[in-house]
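K.L.:
Here's my sequence, what's the structure:
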Amino acid sequence: MKGLYALTAFAPLIAAIIAGFFGRRIGRKNSHRVTIGGVALSFLLSCYAFTHVVLGDAPVFDESLYTWLVSGDIRFEVGFLVDKLTVLMMLVVTFVSLMVHIYTIGYMHDDPGYSRFFSYISLFTFSMLMLVMSNNFLQLFFGWEAVGTVSYLLIGFWYKKETAIFANMKAFLVNRVGDFGFLLGIAAVVMYTNSLHYADAFAAAPALVGETMNIVGSAEWQVLTVVCILLFIGAMGKSAQAPLHVWLPDSMEGPTPISALIHAATMVTAGIFMVARMSPLFELSETALSFVLIIGAFTAFFMGLIGMVQNDIKRVVAYSTLSQLGYMTVALGVSAYSAAIFHLMTHAFFKALLFLAAGSVIIAMHHEQDIRKMGGLWKKMPITWVTSLIGSLALIGFPFFSGFYSKDLIIESVHASGIPGAHIAYWAVFGGVFVTAFYSFRLFFLVFHGKPWDQHAYDHAHETEPVVTWPLILLAIPSVVIGGLTVSTVVFGDYFDGVIVVDATRDVIAEVATHFHGAVAFALHGFVTPVFFMAMAGLITAAVFYLIAPGIPAFLDSKLGILRRILENKYGFDDFNQAIFARGSLGLGRQLWQKGDVALIDGALVNGSAKGVGALAGIARHLQSGMLFHYAFAMIIGLLAMLSWFLFV
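P.N.:
Residues are numbered from 1 along each chain as shown. Predicted structure coming up:
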């Protein structure tokens, strides 16, 4: 199995190298063929691994492939841990990536960087597989940084576009903040457990309960609390949790396929996966769990509010992603790890669907992205319309759709939790239901219904080609059925036994399970819950505002314009970062350049030395007059000076 797992991870890397280095020689068609073939092979092997591990009940694979370095007792290795959590992530990553690869053929058809783009997205797939398959912190960090690097390349793929370059630099810098905390967390794990291997670190963790460390002053901090919070800071950057969320909306400057692949379905869920994998550590610190819970609750509700006033079709979906990542983080905070991973899985399908559907609309509207300039497209684009409706219903948690099972489970789990902060978090995620339904169907109604804003663009709009619509259809299927088919096993069954650790005193899933009587009964009961009525209230409000009485939003703007401006200004996060960090860093750099580089280094040291030598030479050259009697006089003076030294000194 070692060779099979290695081939699963490295097949996309080999394809990326071929397309990247030899794309011009093999041509555009062969570039997409080889990369799609590599990802398709990884998907098929992931399916085999899933059947082997889950259906075949095979033992957990935890082996090293390569030893890079040995320092004392610490081994730096490349190795794989393949268990039920791993194979689930492998399936999600490879399936969504395969759909995006196929979709890209149509979306990037006329782009001059065609082969380069396929190379990048295939390289991303390899990086993500290395992350989720790792059995040690070294390889985890490698995958973590690799997906960040490829994300940087893809956000700025159109490198001649100034806003794209700004966005990829913003993503890079913000993630460096999170990654600094993440690296410190890994260092702390090594310091206190003397190992980079997951199994060794988890086995040593219980002995660290009660142990403290001194950071600043005389205050003592719980070691495990510090370790977990530092690791979660890494997740805050990668999974875009406030205040490190600011990079994700701007990342929409990249091509739409990478919005689906990286910033909706896979990379941004790496932090959620990491915390679930680290459950043996997080379960030993209630303080760290409360920290995770509050950050997730804030992100889930307040980032959703910003989505209500966005007009760029991709940015609406991007803020939806921020909000849904907040829901997953809230689940982690109440120890409902299985519910978090379950929502990660269902969300990957319907959010990738929504992004790709948005791309289909953008193609049809000749790259227009303002939803206020659309309307009535359901007649022109029936496949995109139906699949968008399916994705929207799954997103708002409509009963029987996949998002219903995962989202309602998170809300019920928070309601059942007694961890500090759970009460506030419950009202945040409950209120977020209305917000999600409102912005989802605001987008849906403005794009597909109502009166067309631009009659000329509407007349020329048409359904996109099959290479674009087939991935939408294939993603729509799991968006409907995957939740109901798997909830009993993944969340309430023994799927994660031995993989995820939950303290018995905080096992909210076990409490929710007492009210679970099957997927169908759960969905039927969903029609009479407060959560369903909140979702319907959001949907109906959107219909009234944008279909029945479109004058209401303008009236509310005139009365509550300040609230809209606050939301459009994104609570001032960008302004704060720009003023304090960006301008502050530029100001500091300018002062260091002027006072240090120009004045001290160039002025005093480099140019000063040159000027000093020049001045000394200007004086010394007067001694070289070329007159013989001058030199004779100088020799006599020198001889007298020497005689005086010997006689008197």
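K.L.:
Tell me if I'm right that residue 277 and residue 83 touch.
P.N.:
No. Contact between residue 277 and residue 83 fails when scored by CB atoms under 8 Å: they sit 9.7 Å apart. C-beta here means a position set from N, CA and C on the backbone, and glycine is covered the same way.
K.L.:
The two: who's more crowded?
P.N.:
Remark: of residue 277 and residue 83, residue 277 carries more neighbours, 24 against 20, as counted by other CB atoms under 10 Å.
K.L.:
Now do the strands in the stretch 1-150 of the chain.
P.N.:
61-71, 74-82 (DSSP state E, counting those that start in this stretch).
K.L.:
Just say which of these is most tucked in.
P.N.:
Comparing the strands of the stretch 1-150 of the chain by mean neighbour count (mean count of other CB atoms under 10 Å), strand 74-82 ranks first with a mean of 20.
K.L.:
Centre of the chain to that one, how far?
P.N.:
Its chain's C-alpha centre and that of strand 74-82 lie 24 Å apart, by CA atoms, centre = their mean, to the nearest Å.
K.L.:
Now do the strands in the stretch 201-350 of the chain.
P.N.:
212-214, 220-222.
K.L.:
buried set for the last one?
P.N.:
Taking 16 or more other CB atoms under 10 Å as the neighbour-count basis, strand 220-222 is seen to contain the buried residues residue 222.
K.L.:
so what strands line up beside that strand?
P.N.:
strand 212-214 (antiparallel) (DSSP bridges).
K.L.:
average pLDDT for the strand it pairs with?
P.N.:
Averaged across strand 212-214, the pLDDT comes to 86.
K.L.:
Need the single longest helix in this structure, by residues.
P.N.:
Taking DSSP state H as the criterion, the chain has its longest helix at helix 2-50.
K.L.:
Quick check: chain neighbours aside, which residue is closest to residue 278?
P.N.:
Spatially, and ignoring its direct neighbours in sequence, residue 278 is nearest to residue 231 (6.1 Å; CB to CB, 6 or more residues apart in numbering).
K.L.:
That neighbour reaches residue 187, doesn't it?
P.N.:
No. Applying CB under 8 Å as the test, residue 231 and residue 187 come out as separate, 10.8 Å apart.
K.L.:
neighbour-wise, which of those two wins?
P.N.:
Regarding residue 231 and residue 187, a neighbour count based on other CB under 10 Å identifies residue 231 as having more, with 25 against 13.
K.L.:
Could you list which residues are in contact with the more buried one?
P.N.:
Applying CB atoms under 8 Å, 6 or more residues apart in numbering to residue 231 gives the contacts 181, 182, 185, 186, 274, 275, 278, 281.
K.L.:
Please pick the buried ones from these.
P.N.:
181, 182, 185, 186, 274, 275, 278, 281.
K.L.:
Which ones among the residues you listed map onto helices?
P.N.:
Using DSSP H, those in helices are 181, 182, 185, 186, 274, 275, 281.
K.L.:
Switch those residues over to TSV; also include distance to residue 411.
P.N.:
Shown next, in TSV, are those (distance: CB to CB, whole Å):
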residue	distance to residue 411
181	29
182	29
185	29
186	33
274	23
275	19
281	26
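K.L.:
To which secondary structure element is residue 359 assigned?
P.N.:
helix 337-364 (DSSP states H and E).
K.L.:
And the next helix or strand past that helix?
P.N.:
helix 382-396.
K.L.:
picking up where we left off before, between strand 74-82 and the longest helix of the chain, find me the angle.
P.N.:
Counting by axes from the mean of the first three to the mean of the last three CA atoms, to 10 degrees, helix 2-50 lies at 40 degrees to strand 74-82.
K.L.:
what separates helix 2-50 from the chain centre, distance-wise?
P.N.:
23 Å.
K.L.:
That one - what's its average pLDDT?
P.N.:
For helix 2-50, the mean confidence score works out to 94.
K.L.:
ok, now stretch 536-554?
P.N.:
According to the model, stretch 536-554 has a mean pLDDT of 92.
K.L.:
Next: stretch 57-66.
P.N.:
89.
K.L.:
do the same with stretch 589-603
P.N.:
Here stretch 589-603 scores 73 as its mean pLDDT.
K.L.:
Quote the end-to-end distance of it.
P.N.:
Start-to-end span of stretch 589-603 (CA to CA, to the nearest Å) is 17 Å.
K.L.:
quick one: it to chain centroid distance?
P.N.:
38 Å.
K.L.:
ok, now stretch 199-219?
P.N.:
28 Å.
K.L.:
again, but for stretch 319-332
P.N.:
12 Å.
K.L.:
just stretch 78-94 next, same as before
P.N.:
18 Å.
K.L.:
tell me the average confidence for it?
P.N.:
94.
K.L.:
what do you get for stretch 485-505?
P.N.:
92.
K.L.:
what bridges to the nearest residue to residue 2 once chain neighbours are set aside?
P.N.:
Distance criterion CB to CB, 6+ apart; nearest residue to residue 2, sequence neighbours excluded, is residue 63 at 6.1 Å. Per DSSP bridges, the residues bridged to residue 63 are residue 80.
K.L.:
got a list of what residue 63 touches?
P.N.:
By CB under 8 Å, 6+ apart, the residues touching residue 63 are 2, 79, 80, 135.
K.L.:
Tell me the spacing between it and residue 369.
P.N.:
47 Å (CB to CB, to the nearest Å).
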